[in-house]
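Undergrad: Got a sequence here, can you model it:
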Amino acid sequence: MPSTQLRRLGLATVIAFVLALFGLAPTASAADPAPADLTFATNSATTAPGGTVNLSMTLTNNRTYDVWFVYQTIEPTWLTTQRPDLKYSFTGCSLATAAGSTPCSGTGPANLGGNYGATIPPGQSRTVTLTLQVAADSGCNGNIGFYSYYYAEFSDSGNTSGGPVYTPETRVLCA
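TA: The predicted structure follows:
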């Protein structure tokens, strides 16, 4: 390497060092939050055959544009499918609104996104609650869990997708 190239390389290194020393060098910024977050919660970690558990799904818009469209699926986890004696179904769906809960349509396993309502403004969330009914003749001592993938479109024509997002598991207990 010719000496002029070494001098330029050395000068660039010295300048970078001085900038870093005085805090003027560009730094890696903290990661931005996901454009949309999907979280799950249940009202109970256990139930008995014949019981119900409410599974709440909250979609939060972290962008500065409205969420216009959401597509979401919900499927049982692999371990849940390995227990054919566990019998369950989604029997209800409601959307939390400022005026109270309102029924929603479609309780799975796909197209759950329409249940969040039309538009989710920036910084706001929508919560949909699915009612999980465990059959009276269901097996016991097994866990029921689900996972979800979602896709959201924003008013600026941007989009995001996420998943799998896992639900808390519900343990089916027998007395």
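
Undergrad: On the three-state scheme, the residue lying closest to residue 46 once chain neighbours are set aside is what?
TA: Once flanking residues are discounted, residue 46 sits nearest to residue 171: 4.6 Å by Cβ to Cβ, 6 or more residues apart in numbering. Using the backbone N, CA and C atoms, a C-beta is placed for each residue, glycine as well. With DSSP: H, G, I helix; E, B strand; the rest coil as the basis, residue 171 sits in strand.

Undergrad: what number of residues lie near residue 171?
TA: Residues near residue 171, counting by other Cβ atoms under 10 Å, number 16.

Undergrad: and the residue nearest the centre of the chain, what is it in contact with?
TA: The chain has residue 38 as the residue nearest its centroid, 2.3 Å off, counting by Cα atoms, centre = their mean. By Cβ atoms under 8 Å, 6 or more residues apart in numbering, residue 38 lies in contact with 57-60, 72, 148, 150, 162-163, 165.

Undergrad: The residue nearest to residue 46 and residue 130, how far apart?
TA: 18 Å (Cβ to Cβ, to the nearest Å).

Undergrad: ok, now residue 88?
TA: 11 Å.
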